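> would you be able to build a 3D model of this:
(one chain, ligands or ions: 1)
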Amino acid sequence: MNSRRQPSLPPKITGFEYVGLLGMGGFADVFEYRQDFPRRPVAVKVLLDSSLDAGSRDAFFAEANIMAGLSQHPSIVTIHQAAIASDGRPYFIMEYCARPSLGARFRTERISVAETLRTGVRVASAVETAHRLGVLHRDIKPANILATDFGWPALTDFGIAGAVGEQLVASGMSIPWAPPELLADEPFGDARSDVYSLAATLYSLLAGRSPFEVPGKSNAPIDLITRIEREPLKSVDRVDVPQSLNLVLARAMAKDPSHRFSSALAFAHALQNVEREMQLPVTGIDVTDIQASSVAPVAESREADSGAGSNQPSALVPENTHVTDSSPRNPVPKPPEETDPEEATRIRGLTTVEAQEEPVVLTSDVETRLRPVTTVRADEPETDSSLAPHAWSPAAAKEALVRDFEPQEFEQTTGSLGYFYAKRQQADQSDQGMRRRMTALITLASILLLVLILLFIGNRALGRHEAPQTPEPEPTTTQSLDTGSVPAVTGLKVSGAYDTMVRFEWNNPDPQPDDAYVWRIIDVNSHTQNTRTTETFVEVQRDTAEQQICIEVSIARANGKMSSTPARECS
Ligand SMILES: Nc1ncnc2c1ncn2[C@@H]1O[C@H](COP(=O)(O)OP(=O)(O)OP(=O)(O)O)[C@@H](O)[C@H]1O
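Alright, predicted model coming up:
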């Protein structure tokens with residue numbers, strides 16, 4: 001929010017009642033209004049008086065058009081309408097996202113790894129969809145990820161703010177999340193620039209600060225730029241962040257764009273793999289199959305000068321936005337021909353790529369796509385040459401063309417609304433049908449109960465009833481190097497040995513608030529999982545009284561640091 005100026009006056013809008021100020025951007029204010037009918041709160045973004053020149057107006061309308069074209073995506077803020085107020089200022093009306101943005105949360109709240117991954121996959125889906133429609137966001141940052149009433153992240157601000165490479169530097173606000181190529185003297189960028197900024201955003205959620213911000217040192221724009229351009233990225237210093245996630249973020253934020261994931265989709269797949277590795281629910285990817293790359297909505301070279309823009313109504317372009325032309329003269333290219341007519345009908349829809357069951361190797365984009373898929377409701381998008389990152393530069397974008405952006409033909413096959421409609425249909429079924437289903441359900445439930453009882457009896461008979469343990473992700477290499485002065489536990493010993501269980505105990509020589517312990521069974525034949533506990537003992541199951549059990553234990557501080565050397569003991 002820009003605190004150096006007063007908010008503008010909210011315009012009178014027929015059918016809407018002003019409620020309050022939501023935020024102030026560089027070119028516009030955002031107000032909350034209440035719509036009379038249908039009755040609902042909305043957010044209204046109004047261009048400032050000082051930005052009423054033709055270029056800013058065109059850019060503002062372009063933003064509205066772009067957002068409208070992407071609005072069907074569940075992780076992009078929905079736009080309802082746009083118009084010019086009686087005071088002459090253009091405005092557009094959006095869904096109201098009442099929950100705090102990630103920008104308002106990440107410095108004060110410890111955001112979990114699970115939420116970060118979920119957010120990453122969903123926003124990457126949104127970004128991939130935008131890229132397929134020829135739109136680069138170029139200002140992805142925590143503050144531009146709002147939250148819907150359903151708790152979904154919603155990407156916003158496809159606008160003029162921070163649009164120009166040079167202005168990005170001048171405004172300073174977006175520098176912490178900007179990739180090196182956008183901070184260069186002659187900025188250039190493509191889809192991989194958005195991948196970088198999204199990764200930098202996820203890093204911020206985990207670290208509680210932007211990636212190159214150094215606590216206690218100067219974080220002035222020039223310092224940040226120097227570090228972004230030259231310094232290697234440090235791993236997130238949190239014990240619950242697995243090394244695989246640090247590796248994914250490091251790749252997505254490589255200084256050289258060619259070393260990054262080549263698309264937001266590939267990045268989303270890599271994040272899914274981390275979810276899978278951590279045994280978290282795997283977040284679905286929602287992307288559209290419409291691909292606009294051959295339209296070259298984004299200027300193909302920095303010297304591009306088609307001249308086409310000069311005879312268009314909107315001569316000045318928001319330099320961070322690239323709009324596909326869906327007119328017959330320059331149609332959005334169709335996906336490759338399909339032989340299966342059923343699949344062909346699906347190809348226009350918003351695709352939900354289901355969670356994949358089998359693990360996917362992380363090492364290359366190609367490998368992340370070559371995996372078994374349990375259910376894909378429409379053709380799963382593959383990264384091919386038509387998905388190659390779009391070249392972009394501010395200089396070329398100045399010459400680019402803004403055309404009216406016809407909302408694409410979306411056919412949302414899944415998602416929350418589809419789900420509710422399906423539920424509603426179910427409720428409308430006849431009583432007879434309901435009774436039949438109830439009988440079937442009761443029969444099924446009885447069978448399930450019987451199976452559960454049998455399983456329970458079998459388990460008891462085998463004497464293998466194990467206490468549930470909370471799996472703890474592996475500490476990363478960096479974390480075990482960056483140990484500070486956390487001591488090892490002392491007095492680790494076997495305090496009880498029984499036929500099928502061994503109990504170990506230990507002491508904490510320097511207890512700190514919120515200390516926990518990470519322990520694991522040492523097994524030379526297999527890699528065992530770390531488990532976190534706040535107790536100073538653990539009971540480990542074993543098969544026979546003769547079986548030797550060895551464990552190692554480390555102290556895990558609340559700040560993420562761990563004992564430099566774990567203590568070890570065997571039964
Ligand atoms: N749909 C919305 N619902 C609720 N609050 C919103 C909504 N859209 C924007 N806001 C609030 O208004 C603020 C300003 O929004 P804007 O789109 O101008 O983004 P900005 O990034 O702050 O500005 P700039 O475009 O200059 O970077 C946001 O930071 C957010 O707090």
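> all helices of the stretch 451-571 of the chain, in order?
According to DSSP state H, counting those that start in this stretch, the stretch 451-571 of the chain carries its helices in the segments 477-481.
> which intervals of it have sub-threshold pLDDT?
Per-residue confidence for the stretch 451-571 of the chain (pLDDT under 70) gives these ranges: 451, 453, 456-484, 524-528.
> for the residue in it that the ligand sits nearest to, the count of nearby residues, please.
Closest residue of the stretch 451-571 of the chain to the ligand, CB to the nearest ligand atom: G560 (29.1 Å). Just so you know, the C-beta spots here come from the backbone N, C-alpha and C atoms, and that holds for glycine as well. By other CB atoms under 10 Å, the residues close to G560 number 17.
> roughly how far apart are it and F31?
40 Å (CB to CB, to the nearest Å).
> part of a strand, is V282?
No. When DSSP: H, G, I helix; E, B strand; the rest coil is applied, V282 is found to be coil, with no strand at that position.
> residues contacting the residue of the stretch 451-571 of the chain closest to the ligand?
D237, R238, V239, D240, Q479 (CB atoms under 8 Å, 6 or more residues apart in numbering).
> and S197, what element?
In this structure, S197 sits in helix 191-207 according to DSSP states H and E.
> does the ligand sit close to that helix?
No. In terms of CB under 6 Å from any ligand atom, no part of helix 191-207 sits within range of the ligand; the closest distance is 12.8 Å.
> may I see the buried residues of whichever helix or strand comes after that helix?
Moving toward the C-terminus from helix 191-207, the next helix or strand (DSSP H and E) is helix 221-230. For helix 221-230, the neighbour count (16 or more other CB atoms under 10 Å) marks P221, L224, I225, R227, I228 as buried.
> so T544 sits right up against M501, yeah?
No. If you go by CB atoms under 8 Å, T544 and M501 don't touch, sitting 11.3 Å apart.
> of these two, which one has the most company?
M501 (16 against 7).
> over to D240. Which of the three states is it?
Per three-state DSSP, D240 ends up coil.
> which phi and psi does it have?
The phi/psi pair for D240 (degrees, to the nearest 10) reads phi -90, psi 0.
> M253: how many residues sit nearby?
24.
> what residues of stretch 260-275 count as buried?
Counting neighbours by 16+ other CB under 10 Å, the buried set in stretch 260-275 is 260-275.
> contacts with the ligand among these, please.
Counting by CB under 6 Å from any ligand atom, no member of the buried residues of stretch 260-275 is near the ligand.
> among those residues, which ones are in helices?
Assigned to helices by DSSP state H, the following of the buried residues of stretch 260-275 qualify: A264, L265, A266, F267, A268, H269, A270, L271, Q272, N273, V274, E275.
> out of those, who's nearest the ligand?
A264 (19.8 Å).
> so who does the closest one touch?
A124, S125, V127, E128, H131, A191, D194, V195, L198.
> how about the residues you listed, which pair is most distant?
Of all pairs drawn from the contacts of A264, the greatest distance, 13.6 Å, lies between S125 and A191 (CB to CB).
> residues touching stretch 104-123, excluding its own?
Here stretch 104-123 has contacts from 74-75, 102, 140, 142-143, 145, 152-153, 155, 198-199, 201-202, 204-206, 208-209, 238, 240-242, 245, 267-268, 271-272, 274-275, 278, 280, 283-286, 473, using CB under 8 Å, 6+ apart.
> can you rerun that using 7 Å?
Stretch 104-123 is contacted by residues 75, 142, 145, 152-153, 155, 198, 202, 204-206, 208-209, 240-241, 245, 268, 271-272, 274-275, 280, 283, 285 when judged by CB atoms under 7 Å, 6 or more residues apart in numbering.
> using ChimeraX, define a selection of the buried residues within these.
With 16+ other CB under 10 Å as the criterion, this ChimeraX line picks the buried residues out of the contacts of stretch 104-123:
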select :75,142,145,152,153,155,198,202,204,205,206,208,240,241,245,268,271,272,274,275,283,285
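> who touches Q35 in this structure?
G15, F16, V42.
> rerun at 6 Å
F16, V42 (CB atoms under 6 Å, 6 or more residues apart in numbering).
> the one 10 residues further on too?
When contacts are counted by CB under 6 Å, 6+ apart, K45 is found next to A28, V30, F92.
> how about the helix or strand harbouring it, does it reach the ligand?
For K45, the host element (DSSP H and E) is strand 40-47. Yes. Strand 40-47 is in contact with the ligand by CB under 6 Å from any ligand atom, via A43, K45.
> so which elements touch the helix or strand following that strand?
Remark: after strand 40-47, the chain's next helix or strand is helix 54-70, criterion DSSP H and E. Other elements packing on helix 54-70 under the criterion 3 or more CB pairs under 6 Å, 6 or more residues apart in numbering; DSSP states H and E are strand 79-84, strand 90-95.
> can you put the ones you listed in CSV and add mean neighbour count and mean pLDDT?
CSV is the format used below for the helices and strands packed on helix 54-70 (neighbours: other CB atoms under 10 Å; pLDDT from 0 to 100):
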stretch, mean neighbour count, mean pLDDT
strand 79-84, 16, 93
strand 90-95, 22, 95
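> and those strands as CSV, adding distance to the ligand?
Formatted as CSV, the helices and strands packed on helix 54-70 follow (distance: least, CB to the nearest ligand atom, whole Å):
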stretch, distance to the ligand
strand 79-84, 9
strand 90-95, 4
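> enumerate the residues of this structure near the ligand.
Counting by CB under 6 Å from any ligand atom, the chain sits next to the ligand at 22-23, 25-28, 30, 43, 45, 77, 94-97, 101, 143-144, 146, 156-157, 159, 161-162.
> now, those residues that are in helices?
Per DSSP H, the residues of the chain next to the ligand never map to helices.
> could you measure L206 against Y517, distance?
From L206 to Y517 the distance is 22 Å (CB to CB).
> try R276
With CB to CB as the criterion, R276 and Y517 are 26 Å apart.
> more neighbours: which of the two?
Taking neighbours as other CB under 10 Å, R276 and Y517 compare with Y517 leading, 24 against 19.
> now do the contacts for the more buried one.
With CB under 6 Å, 6+ apart, Y517 has these contacts: T533, V553.
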